[in-house]
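Novice: need a structure here:
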Amino acid sequence: MINFDIKFFIISFSTLFTLINPIGITPIVLSLTENFNSKKYLKTIKTSILLAGIILFTFAIMGKVIFSFYGITVYAFKIAGGILFLRIGINMLEAKISRTKSTPKESQEAIDNNDIALTPIGIPIIAGPGAITSVMILAAETNTISHKIIFYMNIVITLLTTLIILVLAKAISKKLGTTGLRVIERIMGMILMVVAIQYIIDGLDVVINTIINKSNSI
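Specialist: Here you go, the predicted structure:
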């Protein structure tokens, strides 16, 4: 029988959802697709979500292989990931567009090439460095079947939620307004900063204990 760990479900979902930040990316997606009709917009969003899903699942599955190949520990990656999340969280708290999502030059090149579904919307706006880092860390820390099921289920739930939000982006933007969107983004930014600091603390705790143990054994 598979035990449903509600705490792990909430932590993994909130981390991934906050990093993808579907509410925060709504204005970016709308500005990139302002000349699209409804049919083209829907197709673009679906393609972007599909691509983001492939990327996130690939890195989640290959995470341990990558760690092993490069000799990286999960805790070292948590420290690096925590620093990255902290930077993204600060940008969200200040209602700034993170450059880990997409640069203006990248966005303009994508518009000129008419391939914004793949980049920058699919990558890196939806499946950005933060989201990729989080799935690699979370996947590496899932040691039970129940946690693995919850984790992969959360990727699907987060992407489906993002799809719904982006499909309804115009209505949400009109309803909440710029101020409402920024308030939500700031709240999510604060949550992400707390997660980031905890990641850094967890990573440093193991690193410091390892150094102490090695010193004592000499």
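
Novice: When you work out contacts or count neighbours from here on, use the C-alpha atoms and nothing else.
Specialist: Will do.

Novice: Now the residue nearest the centre of the chain: which helix or strand?
Specialist: The centroid of the chain falls nearest to residue 131 when counting by Cα atoms, centre = their mean (2.4 Å). Per DSSP states H and E, residue 131 falls inside helix 129-140.

Novice: Now do that helix: everything it contacts.
Specialist: By Cα atoms under 8 Å, 6 or more residues apart in numbering, the list of residues contacting helix 129-140 from outside reads 12, 15-16, 19-20, 55-56, 59-64, 74, 77-78, 81, 84-85, 88, 100-101, 148, 151.

Novice: cool, stretch 9-16 as well?
Specialist: Stretch 9-16 has contacts (Cα under 8 Å, 6+ apart) with 131, 134-135, 138, 150-151, 154-155, 158, 192, 195.

Novice: Then stretch 179-197?
Specialist: 15, 18-19, 21, 23-24, 81-86, 88-95, 173.

Novice: can you check stretch 47-62 too?
Specialist: Counting by Cα under 8 Å, 6+ apart, 117-118, 121-123, 126-127, 131-132, 135-136, 138-140, 152, 155-156, 159, 162-163 sit against stretch 47-62.

Novice: From the contacts of stretch 179-197, which land in helices?
Specialist: 15, 18-19, 23-24, 81-86, 88-93, 173 (DSSP state H).

Novice: how about the strands in the protein?
Specialist: Counting by DSSP state E, no segments of the chain form strands.

Novice: can you pull out the helices in it?
Specialist: Counting by DSSP H, the helices of the chain are 6-20, 22-32, 38-70, 74-93, 104-113, 129-140, 145-167, 169-217.

Novice: The fourth one to helix 169-217, inter-axis angle?
Specialist: Right, helix 74-93. 140 degrees (axes from the mean of the first three to the mean of the last three Cα atoms, to 10 degrees).

Novice: and helix 74-93, what does it pack onto?
Specialist: helix 129-140, helix 169-217 (3 or more Cα pairs under 8 Å, 6 or more residues apart in numbering; DSSP states H and E).

Novice: looking at those, which has the lowest confidence?
Specialist: Sorting the helices and strands packed on helix 74-93 by mean pLDDT places helix 169-217 lowest, at a mean of 91.

Novice: Can you tell me which of the helices and strands packed on helix 74-93 is nearest to residue 39?
Specialist: Shortest separation from residue 39 across the helices and strands packed on helix 74-93 is recorded for helix 169-217, at 14.2 Å, computed as Cα to Cα.

Novice: And the closest one, how far out from the chain middle?
Specialist: 11 Å (Cα atoms, centre = their mean, to the nearest Å).

Novice: Taking helix 145-167 as reference, get the angle to it.
Specialist: 150 degrees.

Novice: Compute the inter-axis angle for helix 169-217 and helix 6-20.
Specialist: Going by the same axes, to 10 degrees, helix 169-217 makes 120 degrees with helix 6-20.

Novice: and the angle from helix 169-217 to helix 129-140?
Specialist: Using the same axes, to 10 degrees: helix 169-217 against helix 129-140 is 50 degrees.
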